[in-house]
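# Whatever this is, show me its structure:
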Amino acid sequence: MSTASEHAGQAALSICEALLLAMNDRGVLPEHEIVGVLRDAAATHENAVGTDHETENHRAVADLINAIISGGNSVRHL
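Below you'll find the model as predicted:
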């Protein structure tokens, strides 16, 4: 992945995480629904098919999302 792509991915992750946390803080989505959104996103990547390289990338994305669910990469544990 290029440096520009890495930065874009990190920015997107940070923005999405901030939005999910804000939605929870404002009572728009309860915690269980936010976790459900994250689990659905992880499952999409876990079930993706493609070349070995694409499958490996999808698996890495799923692992990252699952780490966020566990609180490993979150600013605040949901």
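# C-alpha only now, for contacts and for neighbours.
Fine.
# Which helix runs longest in this protein?
Counting residues, the longest helix found in the chain (DSSP state H) is helix 3-25.
# Now do the buried residues in it.
By neighbour count on 16 or more other Cα atoms under 10 Å, the buried set for helix 3-25 is 17, 20-21, 24.
# quick one: contacts for the residue nearest to the spatial centre of the chain?
In the chain, the residue lying closest to the centroid (Cα atoms, centre = their mean) is residue 65, at 3.8 Å. Neighbouring residues of residue 65 by Cα atoms under 8 Å, 6 or more residues apart in numbering: 38-39, 41-42.
# Specify the angle between the helix or strand containing it and helix 3-25 in degrees.
Assigned by DSSP states H and E, residue 65 belongs to helix 52-70. Calculated by axes from the mean of the first three to the mean of the last three Cα atoms, to 10 degrees, helix 52-70 forms an angle of 30 degrees with helix 3-25.
# For helix 52-70, output the C-alpha coordinates as PDB.
Only the C-alpha atoms of helix 52-70 are listed here, as PDB (Å, rounded to 0.1, in the frame of the first residue of the first chain):
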ATOM      1  CA  ASP A  52      -4.600 -14.900  -2.400                       C
ATOM      2  CA  HIS A  53      -3.400 -11.300  -2.000                       C
ATOM      3  CA  GLU A  54      -6.900  -9.900  -2.000                       C
ATOM      4  CA  THR A  55      -8.100 -12.500   0.500                       C
ATOM      5  CA  GLU A  56      -5.000 -11.700   2.700                       C
ATOM      6  CA  ASN A  57      -5.900  -8.000   2.600                       C
ATOM      7  CA  HIS A  58      -9.500  -8.700   3.500                       C
ATOM      8  CA  ARG A  59      -8.500 -10.900   6.400                       C
ATOM      9  CA  ALA A  60      -6.200  -8.100   7.700                       C
ATOM     10  CA  VAL A  61      -9.100  -5.600   7.600                       C
ATOM     11  CA  ALA A  62     -11.400  -8.100   9.400                       C
ATOM     12  CA  ASP A  63      -8.700  -8.600  12.100                       C
ATOM     13  CA  LEU A  64      -8.300  -4.800  12.500                       C
ATOM     14  CA  ILE A  65     -12.100  -4.400  12.900                       C
ATOM     15  CA  ASN A  66     -12.300  -7.200  15.400                       C
ATOM     16  CA  ALA A  67      -9.500  -5.600  17.400                       C
ATOM     17  CA  ILE A  68     -11.500  -2.300  17.400                       C
ATOM     18  CA  ILE A  69     -14.500  -4.300  18.800                       C
ATOM     19  CA  SER A  70     -12.300  -5.700  21.500                       C
END
